[in-house]
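A.B. asks: The following comprises the amino acid sequence and a computationally predicted model.
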Number of protein chains: 2
Amino acid sequence: MIAPSHRSRGETAEQILDTAEMLLQTRGYSAISYQHIAEVLGIRKASIHYHFPSKGELGIAVVDRYAARFQAALDDIAADQTRSALSMLAFYVGPYLEFAETPDRVCLCGALAGELMALPVELRARVEAFFVSHQAWLAGILERGVARGEFRLLDQPSKVARLIFGALQGGLIVKRTTGDIAQLHDVVTVVMAMLR
Amino acid sequence: MIAPSHRSRGETAEQILDTAEMLLQTRGYSAISYQHIAEVLGIRKASIHYHFPSKGELGIAVVDRYAARFQAALDDIAADQTRSALSMLAFYVGPYLEFAETPDRVCLCGALAGELMALPVELRARVEAFFVSHQAWLAGILERGVARGEFRLLDQPSKVARLIFGALQGGLIVKRTTGDIAQLHDVVTVVMAMLR
DNA sequence: GTCTATACAAAGATAGAC
DNA sequence: GTCTATCTTTGTATAGAC
């Protein structure tokens, strides 16, 4: 029985997070303001301060929600022992390819990492945790693929995971800049070829 | 005979560009201000406006200088027919590894690309041109390595170049976030292994 | 919970003295 | 070429009415 996951936040708070997430992905942290978010939602700046008193807290809430959503999906996938490692990897690449299909979105943490030193330290820590956990997850999938005879790695799983993760983050950012969707597809193609 | 390359800009203008470049690499475009630059140099905001009337123009001047410096080195290297393709690639990776040795610097264009939609359009165009030309250069080196029997590629040179470039940009950004210098070294190691 | 109003600081930019 | 002074707008944040 699947109960609808009760929200710990109200509707307005969720809309604020949605809008802030979109703006952070497209324009970054320093460039966005309460005014921008308020305009998109048709509300006033003060209403946002009611839900998220400071910009730093808002940024943290956005990243925490984003990372938790991602992590839940990764946990689900990795837990399914019947799936091939290849399909797990293909699953992981999915969100990146989806972002690549938008004109201006990249991974939230990839965008924030570009202006790392301008972020509140608590926010930096979140971005770091995101990178660390995703690379650990990838390394686990690669190890699994080796154990199942699906992958042949050029080096230790953790090192290959770093290459793949960096290539996805970097490839997505380059894709948005050049506007060429093939940028990320090519990266994924070569990554897959590398694992055989 | 080597004449000292005459500067088309004065000493102060160069110092402003140096400081702006450093701040852009560490904090990004939106987060830096004339005030920050002035404080580092011990001058006033108005003095910067004398040399670079608007922030957009300053940003463009920084990126143009950065890209030209990089390009001159790439042209020199690629022109030397006696060098191996491997040594050329090792040379290309050099600046990334140097940035990785600093606590908070990444590639200027990699940093700016994270907040792409917040940049003036002329600046975006510069970042795009940087990405396009660097990937073309890398593809040329890869092709050369294949012709010389040094490299064996998993796919077309342009596609492998995209993987390598994205991995370097992404790897450097992840490295700065996690603070682990091995992050980028591992990426380079696996890239090199991939080419054999 | 959302609004108006406001405080306060910082930003980009210009005018004009030196 | 650099400075002081100033303008205008924007940003973050709070107080208090509704």
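C.D. replies: Everything's here; your move. Numbering: from 1, shown residues only, chains lettered A, B, ... in the order given.

A.B. asks: quick one: A:Ala20 and A:Lys55 touch, right?
C.D. replies: No: applying Cβ atoms under 8 Å as the test, A:Ala20 and A:Lys55 come out as separate, 9.4 Å apart. The way it works is simple: take the backbone N, C-alpha and C, and place the C-beta from them, glycine included.

A.B. asks: Near DNA strand C, which residues of chain A are found?
C.D. replies: A:Gly10, A:Thr12, A:Gly42, A:Ile43, A:Arg44, A:Lys45, A:Ala46, A:Ser47, A:Tyr50, A:His51 (Cβ under 7 Å from any atom of the strand).

A.B. asks: and these as a markdown table, adding distance to DNA strand D, secondary structure and pLDDT?
C.D. replies: Below are the residues of chain A next to DNA strand C laid out as a markdown table (distance: Cβ to the nearest atom of the strand, whole Å; DSSP: H, G, I helix; E, B strand; the rest coil; pLDDT from 0 to 100):
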| residue | distance to DNA strand D | secondary structure | pLDDT |
| --- | --- | --- | --- |
| A:Gly10 | 17 | coil | 94 |
| A:Thr12 | 15 | helix | 98 |
| A:Gly42 | 16 | coil | 98 |
| A:Ile43 | 12 | coil | 98 |
| A:Arg44 | 8 | coil | 98 |
| A:Lys45 | 5 | helix | 98 |
| A:Ala46 | 4 | helix | 98 |
| A:Ser47 | 9 | helix | 98 |
| A:Tyr50 | 7 | helix | 98 |
| A:His51 | 11 | helix | 98 |
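
A.B. asks: In those, find the pair that's most separated.
C.D. replies: A:Gly10 and A:Lys45 (17.8 Å; Cβ to Cβ).

A.B. asks: higher neighbour count, these two?
C.D. replies: A:Lys45 (13 against 10; other Cβ atoms under 10 Å in any protein chain shown).

A.B. asks: Spit out the contact partners of the closest residue to the more buried one other than its chain neighbours.
C.D. replies: Among residues not flanking A:Lys45 along the chain, A:Tyr34 sits closest, at 4.3 Å (Cβ to Cβ, 6 or more residues apart in numbering or on different chains). Residues in contact with A:Tyr34 (Cβ atoms under 8 Å, 6 or more residues apart in numbering or on different chains) are A:Lys45, A:Ile48, A:His49, A:Lys55.

A.B. asks: How about the last one: what's its closest non-neighbour residue?
C.D. replies: Here the nearest residue to A:Lys55 in space, its sequence neighbours aside, is A:Tyr34; by Cβ to Cβ, 6+ apart that works out to 7.2 Å.

A.B. asks: Now do the same for the one you found: its pLDDT.
C.D. replies: In this model, A:Tyr34 is scored at 98, pLDDT.

A.B. asks: From A:Ala61, how far out is it?
C.D. replies: 14 Å (Cβ to Cβ, to the nearest Å).

A.B. asks: same check, this time on A:Gly179
C.D. replies: 31 Å.

A.B. asks: So these two - more neighbours on which side?
C.D. replies: Each of A:Gly179 and A:Ala61 has its neighbours counted (other Cβ under 10 Å); A:Ala61 has more, 18 against 10.

A.B. asks: ok, and does the helix or strand where that one lies reach over to DNA strand D?
C.D. replies: Following DSSP states H and E, one finds A:Ala61 within helix A:55-79. Yes: among the residues of helix A:55-79, A:Lys55, A:Gly56 lie within reach of DNA strand D under Cβ under 7 Å from any atom of the strand.

A.B. asks: Noted, bye for now.
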